[in-house]
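> Need a 3D model of the following:
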Amino acid sequence: MRANLLESGAHHHSNLELTMPAAEPSPTNLHLLTRNPIFTAAKTVWGYEIQTTASLTSDPQPDTPQTNVGAAVISGDYIGLNTILARNKKILLSYTREQLRKQVPYAFPSQSSAILISAEQQNDPVLVPALEQMAADGHTIALEWNSRVTPASEIMDVAAVLCLSSPDLGAELGAIPGGKTVIARNVTTREELESLQRLGVTLFQGRFFKTPEIIPGKKLSSHQNSRLQILRVIEDESPDLDRLARTIQADVSLSYRLLTYLNSPTFGFMRKIDSIRQAITLLGWINVRNWLRAVLLADMAQGEVQTELLHLSLWRGKFLEQTVAGHDYWDFKPDEMFLLGMFSLLDAILGIPMADALAFLPLNDAQKKALRGENTTEYMPLITLMLAFEDHDEESLGRVLQDLNLERKTMSRVHCEAGAWAASILEVGQGA
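So this is what the prediction gives:
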């Protein structure tokens with residue numbers, strides 16, 4: 001298998017383009033950040049844990065500490081923060097000992113702030129007064145569970161949340177004091193979630209939410225059908241832009257959001273844009289299509305789990321697109337890889353079998369086989385790479401990177417920048 005990194009030429013992008021944001025080197029941006037949703041049993045989002053990936057400094061450490069994440073987020077290194085805060089969700093962050101002593105978490109509104117305390121920090125006498133004060137002022141104190149340290153921790157009384165790995169929960173629950181909220185990490189299936197729920201666990205983190213909940217006999221709503229039909233139209237290889245403009249113009253909600261977005265101060269056009277055809281001309285069809293893809297999928301997502309699936313779908317699409325754009329894989333087209341990733345969770349978003357969802361989509365046979373989970377397609381190595389990053393599967397990731405002759409640091413950057421792009425696109429779509 002050939003995976004030669006192409007020489008990357010200089011790309012000129014106008015300020016109109018919805019392109020992937022670059023990770024600018026800065027004193028705080030030592031590592032790229034990813035978000036991991038935490039769900040309630042009622043399938044709402046309680047909050048997000050922001051975590052680091054491998055260091056992106058010129059001399060990366062083997063284990064990038066999670067403890068500096070809070071400062072990186074505060075300094076503006078995480079795209080999507082404003083959306084999380086606007087939705088009144090918790091943001092679970094780690095801090096260094098010095099940052100906790102100086103009460104750096106006060107940079108966040110107390111109702112949004114959840115402070116993750118590592119086992120090493122839980123019995124530090126210097127930190128106890130600061131943590132007690134922040135808890136009294138409404139910040140949520142969360143302890144990373146360690147059976148040897150946490151039960152006797154001096155800050156157990158002020159801690160509201162305990163974080164445990166799902167496989168350890170059964171043995172550890174007896175040692176957990178009453179009145180504490182438990183976050184179960186690494187929950188892989190809905191059956192596991194239901195079992196933990198019976199044990200009294202109320203918050204869940206892991207890949208379980210990507211598993212489709214198929215509702216037998218479910219029919220798509222007329223609204224979802226109309227969105228799929230427009231998706232079909234915009235993916236035409238040789239689009240009739242006048243027809244597309246009429247299709248979008250006829251949809252009051254879509255046309256209003258697009259025109260509101262383009263007439264915002266973000267673009268600073270000298271004159272008002274008042275038609276969809278004018279918008280396509282000024283912004284460019286590729287950029288309008290990127291926006292429409294995100295908005296149309298968002299319109300089909302019903303509920304917070306589906307919104308997270310949408311974020312992940314766009315993340316997958318951009319990651320696969322950028323991977324093949326920078327490498328030579330059997331002449332895969334970046335745009336077809338974007339579609340593959342974007343539609344990979346459509347069954348979970350819509351609650352219908354993937355085979356039924358595929359009937360609406362303008363995809364080739366190989367793409368449809370890959371989306372049905374068939375392991376024999378030429379796309380599987382890249383899909384395996386995508387899932388290994390997503391699930392933090394170090395063993396699988398190391399193996400597939402070696403098989404594809406890819407460099408870990410480069411691909412970590414591509415993966416995290418794709419996540420940042422997905423978050424920024426959703427902010428644009430929801431704000432427009």
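
> that's a helix at Gly178, yeah?
No: judged by DSSP: H, G, I helix; E, B strand; the rest coil, Gly178 forms no part of a helix; its state is coil.

> and it, how many residues sit next to it?
5 (other C-beta atoms under 10 Å). (Glycine included, C-beta is placed from N, CA and C.)

> contacting residues for it?
By C-beta atoms under 8 Å, 6 or more residues apart in numbering, Gly178 lies in contact with nothing.

> how close does it get to Gln229?
53 Å (C-beta to C-beta, to the nearest Å).

> Likewise for Thr44?
Taken as C-beta to C-beta, the span from Thr44 to Gln229 is 30 Å.

> what's the answer for Phe389, then?
Phe389 is 33 Å from Gln229, by C-beta to C-beta.

> The two: which has the busier surroundings?
Using other C-beta under 10 Å, the more surrounded residue of Phe389 and Gln229 is Phe389, with 25 against 12.

> thought that one was touching Ser396?
No: between Phe389 and Ser396 there is no contact under C-beta atoms under 8 Å: 9.5 Å.

> And the average pLDDT for the helix or strand containing Leu310 is what?
Using DSSP states H and E, Leu310 sits in helix 304-325. Helix 304-325 carries an average pLDDT of 92.

> Scan the chain for its longest helix.
In the chain, taking DSSP state H as the definition, the longest helix is helix 408-431.

> Tell me the secondary structure at Pro381.
Strictly by three-state DSSP, Pro381 counts as helix.

> Just to check, it is in contact with Asp403?
Yes: using C-beta under 8 Å, Pro381 is in contact with Asp403, at 6.6 Å.

> Could you list the low-pLDDT ranges of this protein?
1-32, 53-68, 75-80, 166-168, 170, 266, 329-330, 428-432 (pLDDT under 70).

> mind listing the strands for it?
For the chain, the strands defined by DSSP state E occupy 31-40, 45-55, 90-94, 113-117, 140-144, 161-165, 181-185, 203-204.

> Test my guess that Ile117 contacts Thr140.
No: in this structure, Ile117 is not within contact of Thr140 by C-beta under 8 Å, at 10.9 Å.

> residue contacts, the residue sitting furthest away from the middle of the chain?
What lies farthest from the middle of the chain is Pro125; by C-alpha atoms, centre = their mean that is 36.4 Å. Each residue near Pro125 by C-beta under 8 Å, 6+ apart is listed here: Glu154.

> for Ala370, same thing?
By C-beta under 8 Å, 6+ apart, the neighbours of Ala370 are Leu340, Thr377, Tyr379, Met380, Ile383.

> Write the PyMOL selection for whichever of those are buried.
Filtering the contacts of Ala370 down to the buried ones (16 or more other C-beta atoms under 10 Å) takes a single PyMOL command:
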select buried, resi 340+377+379+383
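
> Of the contacts of Ala370, just say which sits nearest to Tyr95.
Ile383 (35.9 Å; C-beta to C-beta).

> check contacts around that closest one.
With contacts defined as C-beta under 8 Å, 6+ apart, Ile383 is in contact with Leu320, Leu340, Ser344, Ala370.

> Closest to Thr410 out of the residues you listed?
Using C-beta to C-beta, these come closest to Thr410 at Leu320, 15.0 Å.

> and that closest one, how many residues sit next to it?
Quick note: Leu320 (other C-beta under 10 Å) scores 27 neighbours.

> Okay, it and Glu395: tell me how far apart.
The value you get for Leu320 to Glu395, if C-beta to C-beta is used, is 21 Å.

> how about Gln122, phi and psi?
Phi and psi for Gln122, reported as degrees, to the nearest 10, are phi -70, psi -20.

> try Gly326
phi -100, psi 0.

> Wait, it touches Val414, no?
Yes: the pair Gly326 / Val414 is scored as a contact, 7.3 Å apart, by C-beta under 8 Å.

> Who has more neighbours out of the two?
Ranked by neighbour count (other C-beta under 10 Å), Gly326 and Val414 place Val414 first, with 22 against 17.

> Can you tell me the closest non-neighbouring residue to that one?
Gln322 (5.1 Å; C-beta to C-beta, 6 or more residues apart in numbering).

> wait, doesn't Tyr261 sit right on Trp291?
Yes: applying C-beta under 8 Å, one finds Tyr261 in contact with Trp291, separated by 7.3 Å.

> What ranges does the stretch 151-300 of the chain have for its helices?
169-172, 190-198, 222-234, 241-249, 252-262, 276-283, 285-300 (DSSP state H, counting those that start in this stretch).
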